[in-house]
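J.: give me a 3D structure for the following:
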Amino acid sequence: MSEPTEQPVDVNRKYVRLVERRPDGLVEFEFSISDPTIFVELLLPEAAYEDFCRTNRVVLLEGSRPEEDEGDFNWTLHEATHQRFR
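T.: Numbers count the residues shown, from 1 in each chain. The predicted model follows:
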């Protein structure tokens, strides 16, 4: 039985998924390094967001995040503030 091989971490590969351009001028987005399924949620003013993306040479991910299993901890802060939990 062979063990799964892990992909090496590539710190030069950075991803951004735009979540929302808010009316207050802030941009909400997800930022990840090497693996787009592991991310942090960030808020920056529009100009700072554009500079952040340019400086980090990010790959812009289109669309919404792919759905994963429906575990108890499978949610983001954005979802928590816009949806009610049961």
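J.: name the helices or strands packed onto the longest helix along the chain?
T.: With DSSP state H applied, the helix covering the greatest number of residues in the chain is identified as helix 46-56. If you count contacts as 3 or more C-beta pairs under 8 Å, 6 or more residues apart in numbering; DSSP states H and E, helix 46-56 packs onto strand 14-21, strand 26-33. Glycine gets a C-beta too; all of them are placed from N, C-alpha and C.
J.: in the chain, which residue is most central in space?
T.: residue 30 (2.3 Å; C-alpha atoms, centre = their mean).
J.: contacts only, for that residue.
T.: Residue 30 makes contact with 15-17, 19, 39-42, 61, 65, 76, according to C-beta atoms under 8 Å, 6 or more residues apart in numbering.
J.: from those residues, which is closest to residue 53?
T.: residue 16 (5.7 Å; C-beta to C-beta).
J.: what stretches of the protein score poorly on pLDDT?
T.: 1-4, 66-75, 77-86 (pLDDT under 70).
J.: that's a strand at residue 42, yeah?
T.: Yes - assessed with DSSP: H, G, I helix; E, B strand; the rest coil, residue 42 lies in a strand.
J.: how much space is there between it and residue 20?
T.: Residue 42 sits 12 Å away from residue 20, going by C-beta to C-beta, to the nearest Å.
J.: residue 38 now?
T.: Looking at residue 38 against residue 20, where the rule is C-beta to C-beta, the gap reads 20 Å.
J.: can you check residue 12 too?
T.: Residue 12 sits 27 Å away from residue 20 when distances are taken as C-beta to C-beta.
J.: what's the answer for residue 7, then?
T.: Between residue 7 and residue 20 the distance, using C-beta to C-beta, works out to 30 Å.
J.: so between those two, which is more surrounded?
T.: More neighbours surround residue 20 than the other of residue 7 and residue 20, with 12 against 7 (other C-beta atoms under 10 Å).
J.: now for the closest residue to the more buried one other than its chain neighbours, how many residues are close by?
T.: Leaving out its chain neighbours, the residue that sits closest to residue 20 by C-beta to C-beta, 6 or more residues apart in numbering is residue 28, at 4.5 Å. Around residue 28 there are 18 other residues, counting by other C-beta under 10 Å.
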